[in-house]
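K.L.:
task: produce atomic coordinates for the following.
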Amino acid sequence: MSEPLPTPDTGTAPFTATSRRATAARFAMFWGAPPALWQAAFFLVPLGFLVAMTFWSVKSFRLTPDATLANWTFILNAGFFRNAYVYTFWLSALTAVIASVAAFPAAYTLAYKVSPATRRFMIFMLVVPFFTSYPVRIYSTQIFFSPQGIINTVLAPLGLGPLQVLNTPTGTVVGYLVLTLPLVVLLQTFALANVPRTLIEAAHNLGCGRFRTIGTVIIPSARIGLIVAGTFAFVLAFGDYVAPTYLGGSRPPTLSILIADQVKSGNNWPRASVVAVMMIVTLMVVMLVMIGLAYGRRKERP
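P.N.:
As a prediction, this is how the structure comes out:
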């Protein structure tokens with residue numbers, strides 16, 4: 001009985017795998033094209049125009065396409081820009097730290113100490129402030145901290161106060177916290193809730209107390225979410241215009257106020273564009289550094 005002839009290898013399996021990869025690539029390109037086009041049309045193109053405008057000049061209060069470095073030289077060498085940059089960076093970093101520290105007990109309670117129904121209700125309540133316009137919330141904060149406001153009215157019979165919060169850096173930080181704190185609590189809650197409970201139970205079984213478990217297990221396991229939450233607070237505060245204007249009194253000015261001042265004084269859009277580009281570059285550097293801290297590998301102990 002003769003043996004059957006071997007079937008020639010037609011390469012069907014490799015072709016099938018290649019075909020699947022090509023199909024997956026086309027599928028990804030199809031669904032990824034709309035967001036990419038949106039980002040290109042409403043972020044990359046305006047950003048390119050903004051960068052180009054930094055090299056323009058203003059002649060007789062009119063923008064003139066040019067190729068000059070005078071705007072960069074003026075802004076980077078100006079003392080008011082350096083002061084505003086340091087002031088804005090410092091207040092934003094301070095806001096990120098305060099929001100992260102203040103939000104952690106609330107996020108820890110929501111993640112581990114309340115029932116699922118209570119957690120859902122409290123998360124909904126944290127989302128509710130975003131239903132209201134941010135300027136409206138800032139105006140309501142003015143009512144609380146004004147010289148004849150609610151807080152000073154309550155403190156007066158106790159012999160305390162009056163508290164001077166408006167038109168100070170403290171007022172600016174309060175406004176930043178109004179903007180960022182609910183979001184930081186939400187992000188921290190989601191990060192802590194995703195920590196495996198088995199790790200926490202193992203730490204308790206090994207004799208770790210509550211605070212040691214938080215410091216050695218929970219915080220390292222939720223590191224990415226905690227850092228991302230603080231980064232969001234910094235980004236939102238760094239570019240905010242409303243809080244330093246209506247609660248901080250615009251003095252000293254932040255970078256966002258400086259942009260408005262440059263536009264108002266002689267219609268100098270190119271100098272304002274330089275400030276805006278410096279803000280964007282700063283935020284990109286900060287985000288890259290924080291992402292590196294969040295996703296970077298921890299050094300293994302010997």
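
K.L.:
how about the strands in this protein?
P.N.:
For the chain, strands defined by DSSP state E occupy the ranges 57-59, 62-64.

K.L.:
can you tell me which of those is most buried?
P.N.:
strand 57-59 (a mean of 13; mean count of other Cβ atoms under 10 Å). Bear in mind the C-beta positions are built from the backbone N, C-alpha and C, glycine included.

K.L.:
what's that strand packed up against?
P.N.:
strand 62-64, helix 269-295 (3 or more Cβ pairs under 8 Å, 6 or more residues apart in numbering; DSSP states H and E).

K.L.:
picking that back up, let's have the strands of the chain in JSON lines, adding mean pLDDT and distance to Asn167.
P.N.:
Shown next, in JSON lines, are the strands of the chain (pLDDT from 0 to 100; distance: least, Cβ to Cβ, whole Å):
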{"stretch": "strand 57-59", "mean pLDDT": "85", "distance to Asn167": "32"}
{"stretch": "strand 62-64", "mean pLDDT": "83", "distance to Asn167": "34"}
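
K.L.:
out of those strands, flag the one nearest Leu166.
P.N.:
For Leu166, the closest of the strands of the chain is strand 57-59, at 34.8 Å, according to Cβ to Cβ.

K.L.:
ok, back up a step: out of the helices and strands packed on strand 57-59, flag the one nearest Phe145.
P.N.:
helix 269-295 (27.2 Å).

K.L.:
residues of that closest one that come out buried?
P.N.:
By neighbour count on 16 or more other Cβ atoms under 10 Å, the buried set for helix 269-295 is 269-279, 282-283, 286, 290.

K.L.:
list the contacts for the residue nearest the centre of the chain?
P.N.:
The chain has Phe232 as the residue nearest its centroid, 2.0 Å off, counting by Cα atoms, centre = their mean. Phe232 makes contact with Thr180, Leu183, Val184, Leu187 under the criterion Cβ atoms under 8 Å, 6 or more residues apart in numbering.

K.L.:
type out the PyMOL command that picks the buried ones from those residues.
P.N.:
Buried members of the contacts of Phe232, defined by 16+ other Cβ under 10 Å, are picked up in PyMOL with:
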select buried, resi 180+183+184+187
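
K.L.:
just the contacts of Phe232 now: which is nearest Tyr85?
P.N.:
Nearest member of the contacts of Phe232 to Tyr85, counting by Cβ to Cβ, is Thr180, at 20.1 Å.

K.L.:
could you find the closest non-adjacent residue to the closest one?
P.N.:
Ala233 (4.0 Å; Cβ to Cβ, 6 or more residues apart in numbering).

K.L.:
what's near enough to touch that neighbour?
P.N.:
For Ala233, counting by Cβ under 8 Å, 6+ apart, the contacting residues are Thr95, Ala96, Ala99, Ser100, Tyr176, Thr180, Leu181, Leu183, Val184.

K.L.:
okay, angle between the helix ranked longest in the chain and helix 269-295 too, please.
P.N.:
Longest helix of the chain, by residue count under DSSP state H: helix 79-112. Orientation check (axes from the mean of the first three to the mean of the last three Cα atoms, to 10 degrees): helix 79-112 against helix 269-295 gives 40 degrees.

K.L.:
having no further points to raise, I will conclude here.
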